[in-house]
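*Asks:* pasting the sequence and the predicted model now:
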Amino acid sequence: MNKNISPKPTHFRWTICVLLFIATTINYMDRQVLSLTWKDFIAPEFHWNNNDYGNITALFSIFYAISMLFAGKFVDWMDTKKGFLWAIAIWSVGAVLHAFCGIATAGVLTGNWMVGFHESKELIGKVDNVSMVISTSVTLFIFARFVLAVGEAGNFPAAIKTTAEYFPKKDRAFATSIFNAGATVGALAAPLTIPFIAKSMGWEWAFIIIGALGFVWMGLWVFYYKKPHEHHKVNTHELEYIQQDQDDLPNTDSSIPEKKFTFKECFSYRQTWAFAFGKFMTDGIWWFFLFWTPAYLSSVYKMDSTQSALPLFVLYMITLLSIIGGWLPKYFVEKKGMNAYSGRMKAMLIFAFFPLLALLAQPLGSITYWIPVLIIGVAGAAHQAWSANIFSTVGDMFPKKAIATITGIGGMAGGIGSFLINKSSGVLFDYAHKAWTTVDGTPLLEKYPQYINERLPEGFFEKLEQSGAVISDGIDKGYMIIFSICAVAYLIAWSVMKALVPKYKVINK
């Protein structure tokens, strides 16, 4: 194909970066719908508690982890364009499926399948066996989360592979920080839209409307994406800039098959283990903030989903500071003469100190809820800055043919870490809610021992408060424990990564 020979370099790579940003925004909005609707809309309908929600989010994490392992290989096999299309199609279907879990629950329990959303609520409300409602609805939501996880797992391997195709190494962290900011913007847009859609139209429509956005993006991707050396919108000057690194010249000889990395070969490198450990220790922190902050504001500060919209908006606005995550290592490389890996690791060490502020979230939260909101926002910004750089370490050290696979391995490790923190959070919060709560100065379970091995009735605490009892909820102690884990995770991750790969070393194969 004849290239555009304009004397000025084109900048089409940034159009591709915008598409990656939009995909990531949609990805995180789809992921957020459940966390913003379960407490006020879904839990009352299906009688869920923290542990039920924790099970759903934890299993989503493990589904995502396993899928990430294969998503990278899938994207490498299908290549970027088709791989991304398959990923977003599957996760959009999964997102929409959540809306029909109520109808399916009514169908399973009552035999009435051909009903609408409102009718299904009425049918479920007439079912006397609450445990069956809980187990059936949770199972169906887990299936919907499974489909969502399988599709969403393809987003970051495909996006990182696209970034490696369209950007030289020195710019990849900055490009990654831009598209990765879609996670923040998605999380930012979610509380301003989803609770209000759920309140005015029903929680089901929140899943349908947000899920449909992915199908719109697919049309844009089909229209705009091609490999840079094949794209008529990328002129010779821009292509030379993109391919300035020695390993970035495309293999144009189709008679020579490109050798792929096997899983066994990938796991033989310390660089793989460093990346995977960093993801294992830190991905779950972001997911905890994403999945549990709305519940935190509800449980500790008694806000409903519309009241928490402004604090969540401010929180995620703060996380947009993560764009610095792409600029800082570039500064170290260009101004301080450091190699890409060293500059990135120095920047990541700086970012690793900011989550320590989470240790103050609960102690200072008694003054005003804005203090933990601001602290979680800063910790979230630090995570996203960290995330942009840890992703880019893969492109620094591995050839492009292995990037999606290595990213998938790291994503699997991150998903396992997320499973552990989400599952343990749900269990811990329910335990703290019962075991560490006092009623008129007396431990709850000492006063009501019948609930030691049983669920608390719905509206139990509200009735006690109406009777004039003074309640000190122990759930804030559970959040303090998890916040403390979040605070130190990044420094532990950085230390192990640095021990595994102390110096910059490129994998050549």
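*Replies:* Structure's in. What do you need?
*Asks:* switch to C-alpha atoms for all contacts and neighbour counts from now on
*Replies:* Noted.
*Asks:* report the central residue of this protein.
*Replies:* residue 287 (5.2 Å; C-alpha atoms, centre = their mean).
*Asks:* that residue against residue 418, yeah?
*Replies:* Yes - here residue 287 reaches residue 418: they are 6.5 Å apart, a contact under C-alpha atoms under 8 Å.
*Asks:* for residue 403, what are its contacts?
*Replies:* Contact analysis of residue 403 by C-alpha atoms under 8 Å, 6 or more residues apart in numbering lists 72, 157, 160-161, 394-395.
*Asks:* show me the residues you listed that map onto helices.
*Replies:* 72, 157, 160-161, 394-395 (DSSP state H).
*Asks:* now, among those, which is nearest to residue 477?
*Replies:* The shortest separation between residue 477 and any of these is 37.1 Å, and it belongs to residue 157 (by C-alpha to C-alpha).
*Asks:* number of nearby residues for the closest one?
*Replies:* Neighbourhood size, residue 157 [other C-alpha atoms under 10 Å]: 32.
*Asks:* what's the residue nearest to it when sequence neighbours are not counted in contact with, if anything?
*Replies:* The shortest distance from residue 157 to any non-neighbouring residue, by C-alpha to C-alpha, 6 or more residues apart in numbering, is to residue 404 (4.6 Å). Residue 404 makes contacts with 71-73, 75-76, 157-158, 160-161, as judged by C-alpha under 8 Å, 6+ apart.
*Asks:* and what of residue 82?
*Replies:* Neighbouring residues of residue 82 by C-alpha under 8 Å, 6+ apart: residue 75.
*Asks:* mind redoing it with 10 Å?
*Replies:* With contacts defined as C-alpha atoms under 10 Å, 6 or more residues apart in numbering, residue 82 is in contact with 74-75, 158, 221-222.
*Asks:* so which of the residues you listed belong to helices?
*Replies:* 74-75, 158, 221-222.
*Asks:* dump these to JSON lines, plus distance to residue 179.
*Replies:* Output for these, formatted as JSON lines (distance: C-alpha to C-alpha, whole Å):
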{"residue": "74", "distance to residue 179": "21"}
{"residue": "75", "distance to residue 179": "18"}
{"residue": "158", "distance to residue 179": "12"}
{"residue": "221", "distance to residue 179": "15"}
{"residue": "222", "distance to residue 179": "18"}
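*Asks:* could these go into a markdown table alongside distance to residue 180 and pLDDT?
*Replies:* Formatted as a markdown table, the ones in helices among the contacts of residue 82 follow (distance: C-alpha to C-alpha, whole Å; pLDDT from 0 to 100):
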| residue | distance to residue 180 | pLDDT |
| --- | --- | --- |
| 74 | 21 | 85 |
| 75 | 18 | 84 |
| 158 | 13 | 89 |
| 221 | 17 | 93 |
| 222 | 21 | 91 |
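*Asks:* tell me the one of those residues nearest residue 129?
*Replies:* The closest of the ones in helices among the contacts of residue 82 to residue 129 turns out to be residue 74 (C-alpha to C-alpha; 43.1 Å).
*Asks:* hmm, residue 103 and residue 116 touching each other?
*Replies:* Yes - between residue 116 and residue 103 there is a contact at 7.0 Å, judged by C-alpha atoms under 10 Å.
*Asks:* look at the two and report which has more neighbours.
*Replies:* Between residue 116 and residue 103, counting by other C-alpha under 10 Å, residue 103 is the more crowded of the two (22 against 11).
*Asks:* residue ranges with poor pLDDT in the chain?
*Replies:* Within the chain, the ranges that satisfy pLDDT under 70 run 1-7, 246-260, 325-326, 509.
*Asks:* and if we set it to 50?
*Replies:* Applying pLDDT under 50 to the chain flags the ranges 1-2, 252-256.
*Asks:* could I have the buried ones of the contacts of residue 82 as ChimeraX selection syntax?
*Replies:* Here is the ChimeraX command that selects the buried residues among the contacts of residue 82 (16 or more other C-alpha atoms under 10 Å):
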select :74,75,158,221
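*Asks:* ok, so of the contacts of residue 82, who is nearest residue 439?
*Replies:* Using C-alpha to C-alpha, the contacts of residue 82 come closest to residue 439 at residue 158, 52.3 Å.
*Asks:* relative to residue 83, how far out is that closest one?
*Replies:* 7 Å (C-alpha to C-alpha, to the nearest Å).
*Asks:* overlap in contacts, the two.
*Replies:* Contact criterion C-alpha under 10 Å, 6+ apart; residues shared by residue 158 and residue 83: 71-72, 74-76.
*Asks:* pick the one among these closest to residue 205.
*Replies:* Taking C-alpha to C-alpha as the measure, residue 205 lies nearest residue 71 of the shared contacts of residue 158 and residue 83, at 28.8 Å.
*Asks:* my guess is that closest one contacts residue 154. True?
*Replies:* Yes - at 5.1 Å, residue 71 counts as touching residue 154 under the criterion of C-alpha under 10 Å.
*Asks:* what about the strands in the chain?
*Replies:* Using DSSP state E, the strands of the chain run over residues 438-439, 442-443, 471-472.
*Asks:* still on that earlier bit, joint contacts of residue 287 and residue 418?
*Replies:* 57, 61.
*Asks:* dump stretch 408-420 to PDB, restricted to CA.
*Replies:* Provided in PDB are the C-alpha atoms of stretch 408-420 (Å, rounded to 0.1, in the frame of the first residue of the first chain):
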ATOM      1  CA  GLY A 408      -2.500 -12.400  30.200                       C
ATOM      2  CA  ILE A 409      -0.300 -14.200  32.700                       C
ATOM      3  CA  GLY A 410      -0.100 -11.000  34.800                       C
ATOM      4  CA  GLY A 411      -3.800 -10.500  34.500                       C
ATOM      5  CA  MET A 412      -4.400 -14.000  35.800                       C
ATOM      6  CA  ALA A 413      -2.200 -13.300  38.800                       C
ATOM      7  CA  GLY A 414      -4.000 -10.000  39.400                       C
ATOM      8  CA  GLY A 415      -7.300 -11.800  39.200                       C
ATOM      9  CA  ILE A 416      -6.300 -14.300  41.800                       C
ATOM     10  CA  GLY A 417      -5.300 -11.500  44.100                       C
ATOM     11  CA  SER A 418      -8.600  -9.800  43.400                       C
ATOM     12  CA  PHE A 419     -10.500 -13.000  44.200                       C
ATOM     13  CA  LEU A 420      -8.700 -13.300  47.600                       C
END
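*Asks:* count of neighbours near residue 36?
*Replies:* For residue 36, the count of nearby residues is 30 (other C-alpha under 10 Å).
*Asks:* so how far is residue 209 from it?
*Replies:* 14 Å.
*Asks:* how about residue 397?
*Replies:* 40 Å.
*Asks:* same check, this time on residue 378
*Replies:* 30 Å.
*Asks:* between these two, who's got more neighbours?
*Replies:* A count of neighbours by other C-alpha under 10 Å puts residue 378 above the other of residue 378 and residue 209, at 24 against 16.
*Asks:* wait, doesn't the more buried one sit right on residue 358?
*Replies:* Yes - with contact defined as C-alpha under 10 Å, residue 378 counts as touching residue 358 (9.0 Å).
*Asks:* which neighbours do the two have in common?
*Replies:* Common neighbours of residue 378 and residue 358, counting by C-alpha under 10 Å, 6+ apart, are residue 372.
*Asks:* please identify the deepest-packed of the strands of the chain.
*Replies:* Highest mean neighbour count among the strands of the chain (mean count of other C-alpha atoms under 10 Å): strand 438-439, with a mean of 20.
*Asks:* partner strands of it and their direction?
*Replies:* strand 442-443 (antiparallel), strand 471-472 (antiparallel) (DSSP bridges).
*Asks:* that one: how far from the chain's middle?
*Replies:* For strand 438-439, the separation from the chain centroid amounts to 36 Å (computed by C-alpha atoms, centre = their mean, to the nearest Å).
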